[in-house]
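Engineer: what follows is a predicted protein model with its sequence.
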Amino acid sequence: MKTLYIGFRGKNNTSSQIVNQLGEDILLLTNSFSGLEKDILSITESYDSIYMFGVDSSLKGTLRIEKFAEFNGITVSSVYDVAQLSKIMDGYGIVNSISNVPTQYLCNAAYYHMLCINKNAVFIHVPSIKGMNDALMDRLLTLFRKIPFDT
């Protein structure tokens, strides 16, 4: 199974810290609309699963799994089984929720562009460094190092 992990650039960006610890196939996105679109469109390999991480500073010790993205009035959805991912996270003691409402700004745009080329992507919002605790980080890394997940 070929897996790609995507986060956003920045040494103080939680998504970058997560992705850099997860694997060899990683992509760190530019923190601009045009830059992230160019980064995503530069992907030339085919992946079975794509895990995207972005920061939501309102989260504290919890994650949010996104099902949809919307850009220029067009909504796209992932075919990834987000309900199953949520259950797996529960089993690891990771508090999480599933959102069916597209977010705004860079994370949403990145997810939209990715879903347009690979519908088996999933976007996970994580807390900022201030809202991320060591236990959550350890559980998250342990979970994603076990891909493909045993279900």
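Structural biologist: Sure, I can see it. Here the structure is a predicted model, which means the values were calculated and not measured. Numbering: from 1, shown residues only.

Engineer: phi and psi next, for Ser99.
Structural biologist: Backbone torsions of Ser99, given as degrees, to the nearest 10, read phi -110, psi 130.

Engineer: burial measure for it, as a count.
Structural biologist: Neighbour count for Ser99, taken as other C-beta atoms under 10 Å: 15. No exception for glycine: its C-beta is placed from N, CA and C like everyone else's.

Engineer: ok, it touching Arg64?
Structural biologist: Yes. Ser99 lies in contact with Arg64 (C-beta atoms under 8 Å); the separation is 5.4 Å.

Engineer: give the contact list for the closest residue to Ile147 other than its chain neighbours.
Structural biologist: Nearest non-adjacent residue to Ile147, counting by C-beta to C-beta, 6 or more residues apart in numbering: Thr3, 5.4 Å away. If you count contacts by C-beta atoms under 8 Å, 6 or more residues apart in numbering, Thr3 has them with Gly23, Asp25, Tyr47, Asp48, Ser49, Ile50, Tyr51, Ile147.

Engineer: so how far is Ile129 from the first one?
Structural biologist: Translated: Gly23. Separation of Gly23 from Ile129 (C-beta to C-beta, to the nearest Å): 21 Å.

Engineer: what packs against the longest helix seen in the chain?
Structural biologist: Criterion DSSP state H: the longest helix present in the chain is helix 105-117. Where contact means 3 or more C-beta pairs under 8 Å, 6 or more residues apart in numbering; DSSP states H and E, helix 105-117 is packed against strand 3-8, helix 33-41, strand 49-55, strand 68-71, strand 74-77, strand 121-126.

Engineer: how does it look with 10 Å?
Structural biologist: strand 3-8, strand 26-29, helix 33-41, strand 49-55, strand 63-66, strand 68-71, strand 74-77, strand 121-126 (3 or more C-beta pairs under 10 Å, 6 or more residues apart in numbering; DSSP states H and E).

Engineer: ok, residues contacting the third one?
Structural biologist: So that's helix 33-41. For helix 33-41, the surrounding residues in contact (C-beta atoms under 10 Å, 6 or more residues apart in numbering) are 6, 8-9, 27-30, 32, 50, 52, 71, 105-107, 109-118, 121.

Engineer: relative to helix 105-117, how tilted is it?
Structural biologist: Orientation note: helix 33-41 sits at an angle of 30 degrees relative to helix 105-117 (axes from the mean of the first three to the mean of the last three C-alpha atoms, to 10 degrees).
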